[in-house]
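K.L.:
pasting the sequence and the predicted coordinates here, then a few questions.
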Amino acid sequence: MSSVYDITEIAHKTWRISEAGKVNCYLVEGDTSALLIDSCWGVGDLYGVVKSITSKPLSIVATHLHPDHVGGAKQFGNYYVHEADLRFINNVMCCSLACHMGGRRIGASEKHRKVKISRKIAIKDGYIYIYIYIYIFELGNRKLTVKNIPGHTKGSIMLIDEKYKLIFTGDDVNPNMWLQMPGAVSLEEWQKGAEIVLSYLKDGYFAWNGHDEGALSLDMANRVYVLVDEIIDKYKKGKLQKNDSPYQNDHTIPNVQFRMNKILKAPKE
């Protein structure tokens with residue numbers, strides 16, 4: 001068994017797999033197949049870890065196209081990602097060299113399985129492919145619905161498991177909110193997706209994100225939203241400075257990093 005990964009069962013047939021305590025992916029199993037949500041940097045034998053948990057047919061989906069969430073896909077093969085992330089900047093960030101160099105920074109590596117081809121399969125309106133019917137992963141007596149929540153990236157998605165009241169949010173609503181990254185949308189646009197996440201949390205869903213311990217509480221999600229609201233308000237009043245990023249209140253966490261030119265949603269031409 002890989003020493004890089006720590007496995008925790010967080011719900012029925014649902015596991016959080018933490019890579020070196022830095023980044024999380026999630027394995028969800030149904031009666032007929034399984035779904036791996038993200039694949040971390042892939043510095044260890046993630047394939048072996050997943051196969052030690054389930055032997056069922058497996059699909060891979062990325063919550064967004066960043067190297068710390070798709071680096072491990074090379075151990076499995078093809079993976080799904082929202083079409084809005086299939087852009088030049090995201091592809092450059094997730095090239096093999098970037099994944100390798102970024103993975104080395106977390107200070108852990110070991111031999112693992114590699115495949116020759118790892119292609120991206122676009123999730124888009126009307127897409128139908130075997131177990132997938134327009135934004136739904138069918139796993140057998142269990143399904144996960146995809147919602148696009150632009151923010152951390154334009155193609156960021158959340159996956160919703162109604163049966164066990166779980167949502168998987170990737171990096172889009174996190175205590176350390178990175179909206180300064182290339183490809184991130186404006187803070188106003190992020191709010192729309194965050195409001196969807198908040199609505200599920202208020203309805204009693206449990207949220208799991210891409211980093212640290214993974215669990216995202218309603219209180220923490222609200223605090224992040226309030227910080228973004230404050231940034232927007234200060235910007236509109238001319239009180240926001242470039243060096244206010246990362247922005248925070250009385251606590252180190254949560255905090256929000258941003259760019260001054262990506263506060264408000266750009267008007268449609």
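P.N.:
Everything's here; your move. Numbering: from 1, shown residues only.
K.L.:
looking at the protein, which helix or strand does the model trust least?
P.N.:
The helix or strand of the chain with the lowest confidence, counting by mean pLDDT, DSSP states H and E, is strand 132-133 at a mean of 44.
K.L.:
which other helices and strands does the helix or strand following that strand contact?
P.N.:
Later in the chain than strand 132-133, the nearest helix or strand by DSSP states H and E is strand 136-138. Applying 3 or more Cβ pairs under 8 Å, 6 or more residues apart in numbering; DSSP states H and E, we find strand 136-138 packed against strand 143-148. Placement of C-beta: from N, CA and C, glycine included.
K.L.:
list the buried residues of the strand it packs on.
P.N.:
Residues 143-144, 146-148 are the ones in strand 143-148 that count as buried (16 or more other Cβ atoms under 10 Å).
K.L.:
for residue 167, what are phi and psi?
P.N.:
Main-chain dihedrals, residue 167, degrees, to the nearest 10: phi -130, psi 150.
K.L.:
give me the low-pLDDT residue ranges for this structure?
P.N.:
Judged by pLDDT under 70, the chain has its weakly predicted residues at 1, 97-110, 116, 125-134, 267-269.
K.L.:
one more time with 80
P.N.:
By pLDDT under 80, the weakly predicted segments of the chain are 1-2, 91-118, 124-135, 250-252, 266-269.
K.L.:
helices of that one, start to end?
P.N.:
46-53, 67-70, 88-93, 96-105, 187-202, 218-236 (DSSP state H).
K.L.:
got these as CSV, with distance to residue 138 and mean neighbour count columns?
P.N.:
Shown next, in CSV, are those (distance: least, Cβ to Cβ, whole Å; neighbours: other Cβ atoms under 10 Å):
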stretch, distance to residue 138, mean neighbour count
helix 46-53, 19, 19
helix 67-70, 22, 26
helix 88-93, 27, 15
helix 96-105, 29, 15
helix 187-202, 20, 18
helix 218-236, 28, 17
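K.L.:
residue 238 versus the residue nearest to the spatial centre of the chain, what's the distance?
P.N.:
Geometric centre of the chain, nearest residue: residue 170, 2.0 Å, by Cα atoms, centre = their mean. With the distance defined as Cβ to Cβ, to the nearest Å, residue 170 ends up 33 Å from residue 238.
K.L.:
isn't residue 25 up against residue 39?
P.N.:
Yes: contact criterion Cβ atoms under 8 Å: residue 25 and residue 39 qualify, at 5.6 Å.
K.L.:
okay, and the common contacts of these two?
P.N.:
46, 69, 72 (Cβ atoms under 8 Å, 6 or more residues apart in numbering).
K.L.:
let's have those in TSV, adding distance to residue 215.
P.N.:
Formatted as TSV, these follow (distance: Cβ to Cβ, whole Å):
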residue	distance to residue 215
46	21
69	18
72	22
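K.L.:
nearest to residue 8 among these?
P.N.:
Proximity of the shared contacts of residue 25 and residue 39 to residue 8 (Cβ to Cβ) peaks at residue 46, which lies at 15.1 Å.
K.L.:
so that closest one sits right up against residue 25, yeah?
P.N.:
Yes: in this structure residue 46 lies within contact range of residue 25 using Cβ under 8 Å: 7.5 Å.
K.L.:
let me know the closest of the buried residues of strand 143-148 to residue 154.
P.N.:
For these, the residue nearest residue 154 by Cβ to Cβ is residue 148; the value is 8.6 Å.
K.L.:
show the contacting residues for the closest residue to residue 201 other than its chain neighbours.
P.N.:
Counting by Cβ to Cβ, 6 or more residues apart in numbering, residue 201 lies nearest to residue 218, which is 4.2 Å off, once chain neighbours are set aside. By Cβ under 8 Å, 6+ apart, the contact set of residue 218 is 198, 201-202.
K.L.:
okay if I get the residues you listed as TSV plus distance to residue 258?
P.N.:
Below are the contacts of residue 218 laid out as TSV (distance: Cβ to Cβ, whole Å):
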residue	distance to residue 258
198	19
201	23
202	25
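K.L.:
tell me the one among these nearest to residue 250.
P.N.:
Using Cβ to Cβ, the contacts of residue 218 come closest to residue 250 at residue 198, 21.5 Å.
K.L.:
nothing else from me, thank you.
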